[in-house]
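Engineer: Here is my input; please provide its structure:
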Amino acid sequence: MKKVFMVHGFNGEPNGGWRPWLMGKLASDDIWACSLPMPTPSDPKKDEWVNMISDSVGDPNEEIFLMGHSLGVPSVLRYLESLPEGKRIGGAVLVSGIIEVIPGKEKYSKINHFFENPFDFNHIKNVCPNIIVIHGEDDPAVPFTQAQKLSHDLSCELIPVKNGGHLNGSSGWYELPEAYDALIKMINK
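Structural biologist: Numbers count the residues shown, from 1 in each chain. Down below sits the predicted model:
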């Protein structure tokens with residue numbers, strides 16, 4: 001059975017923005033979906049977030065698909081790094097992801113520990129060969145250049161969203177067809 005696990009961002013909540021809409025769309029396609037309630041979203045701890053994903057997924061396999069938004073993206077990447085060689089998941093959709101410290105954003109100091117070590121992109125690609133990055137071209141929270149770097153480092157498709165902002169509820173996004181289409185593309189591969 002295909003399963004989709006969604007990971008919200010810093011100060012986020014499982015049922016914020018477009019996640020309820022996406023879960024409904026996937027349910028109508030008979031695809032199981034869950035938006036994880038990440039621990040202490042206003043003071044996130046990398047290990048706790050990775051453990052939450054790991055505990056929720058259980059035994060990783062090619063029927064599992066992950067979707068991260070904002071801080072959910074490095075959380076998904078760190079989870080993928082933790083998978084042993086030989087394990088694979090079906091794919092990942094990475095939305096508005098922050099992948100490195102943003103200078104001058106003091107309010108993000110609580111999440112900088114997610115970026116202390118470089119990501120092992122080769123290992124990530126081995127355990128998750130299907131990845132798509134989606135990012136608002138005018139994201140005020142995470143510069144679009146981070147999406148360009150991420151898609152380059154992962155050798156994957158980048159879907160820019162014109163006037164997308166941070167692609168969250170605060171930016172007016174309660175539906176995100178690009179995310180649904182990306183998942184369906186992977187699932188039907």
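Engineer: before we move on, what SS does the residue nearest to residue 155 when sequence neighbours are not counted have?
Structural biologist: Spatial nearest neighbour of residue 155, chain neighbours left out: residue 125 (6.7 Å); criterion: Cβ to Cβ, 6 or more residues apart in numbering. Bear in mind the C-beta positions are built from the backbone N, C-alpha and C, glycine included. Look at residue 125: counting by DSSP: H, G, I helix; E, B strand; the rest coil, its state is helix.
Engineer: likewise the one 10 residues further on?
Structural biologist: Residue 135 carries the three-state label strand when classified by three-state DSSP.
Engineer: In this structure it contacts residue 164, no?
Structural biologist: Yes: look at residue 135 against residue 164 with Cβ atoms under 8 Å: they come within range, at 7.2 Å.
Engineer: Give me the common contacts of these two.
Structural biologist: Here residue 135 and residue 164 share the contacting residues residue 96, scored by Cβ atoms under 8 Å, 6 or more residues apart in numbering.
Engineer: out of the two, which sits in the busier spot?
Structural biologist: Applying other Cβ atoms under 10 Å to residue 135 and residue 164 shows that residue 135 carries more neighbours, namely 28 against 23.
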